[in-house]
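Asker: next comes the sequence, and after it the predicted model I'd like to discuss.
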Amino acid sequence: MVVNKVTFVGIVVLAMILAATVWQPVRAEDPATQRASDSGSCARSAFRVLIDVGHTATSPGADSARGMPEYDFNLKLADTIAQSLREAGFDNTVRLVTSGPRLTSLFQRAASANNLHGDLFISIHHDSVPDNLKETWQYEGKKYSYSDRFTGYAIFVSNDNVNPASSLAFGHSLGQELQKRGLHYTPHYTLALMGRYRHDLIDEEAGVYRYDHLIVLHSTRMPAVLLEAGSIINRQEELELATPERRLMVAEAVTAAVEEFCASQGQAVAGRPPASNPATVATPASSKGIRPVSLSRHKRIHSAKT
């Protein structure tokens, strides 16, 4: 009887040791399991986000209050956003870099996006104001234009996009995520002083405007938004937008919005051709499949703006 008790105790102890050994890997996997649960039905590695760098090196967009081209701001922010998305598991994220003159590059980037069969298109820009609202000042011995009237981001979607409802849904999520991080949207596009550059604010909560005639929004065959990350013509906000901290803040907001949007789609895109370079795709010299329209229809706040 004594021998049986000892044997029984030994079996119990051995079972406890084995159970503890098995339990450790299970607990170690909990964060990954939780992340998969949090992402819902989103297949992140299959979901392709296209991050479009607004403007080109030869047609760089607006000038900041200190004379820096918008394209430089766009490129740095797009890089930070793309990195943030890949770190979150969106391995198919592609950064689109376009070359050439302004109008030609617009059709090129839309054609490239369509050829890549993206699930979401985000064009990255930084804002300015019409010339009649600008003032002049001296900075480091040179004269520049500025306007300190307005600050904040703006999000644009097109009703002519192939999926306007999804575009607006993502725009709403993006605006909310930006606001969670202490940012606000600019209301100046609603003001009469904007003249022909005035736009309808279709989501007052998130700061989403309707802009039907933007090529990169209505010609991309996927949900699409254009983000003006802030005003570089505003002297104080320009300094903030140039910091790594502000770029990371915006990138985190974009990533959180993409996570929510991907989960809401409830599906992964399969059988799609891989990008030639998942990190960066440069558009070709010419593109087919999109018919140009008149330049006057696509003018924005200034002559170089898309």
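Answerer: On my side now, so go ahead. Note that the structure is predicted; figures quoted are calculated from it, not measured.
Asker: where do the helices sit along the chain?
Answerer: Listed in chain order, the helices of the chain (DSSP state H) span residues 2-28, 30-38, 70-87, 102-115, 164-180, 215-218, 235-241, 244-265.
Asker: buried sites along the third one?
Answerer: Residues of helix 70-87 classed as buried: 70-86 (neighbour count, 16 or more other CB atoms under 10 Å). Every C-beta, even on glycine, is put in place using the N, C-alpha and C of the backbone.
Asker: count the neighbours of Glu204 for me.
Answerer: Here the number of neighbours of Glu204 (other CB atoms under 10 Å) works out to 11.
Asker: OK, contacts around it?
Answerer: Residues in contact with Glu204 (CB atoms under 8 Å, 6 or more residues apart in numbering): none are found.
Asker: quick check: it vs Tyr185, distance?
Answerer: With the distance defined as CB to CB, to the nearest Å, Glu204 ends up 9 Å from Tyr185.
Asker: and what of Ser158?
Answerer: To Tyr185, Ser158 is 18 Å away according to CB to CB.
Asker: next: Gly100.
Answerer: In terms of CB to CB, Gly100 sits 31 Å off from Tyr185.
Asker: in the stretch 151-300 of the chain, where is pLDDT below threshold?
Answerer: Where the stretch 151-300 of the chain drops to pLDDT under 70, the residues are 266-300.
Asker: find the centremost residue of the protein, please.
Answerer: Nearest to the geometric centre of the chain sits Ile122, at 4.5 Å (CA atoms, centre = their mean).
Asker: would you confirm that Phe47 contacts Gly89?
Answerer: No. Between Phe47 and Gly89 there is no contact under CB atoms under 8 Å: 9.0 Å.
Asker: and Gly100 and Tyr185? which has more neighbours close in?
Answerer: A side-by-side neighbour count of Gly100 and Tyr185, using other CB under 10 Å, places Tyr185 first with 23 against 19.
Asker: doesn't Asp203 make contact with the more buried one?
Answerer: No. The pair Tyr185 and Asp203 does not pass the contact test of CB under 8 Å, sitting 9.3 Å apart.
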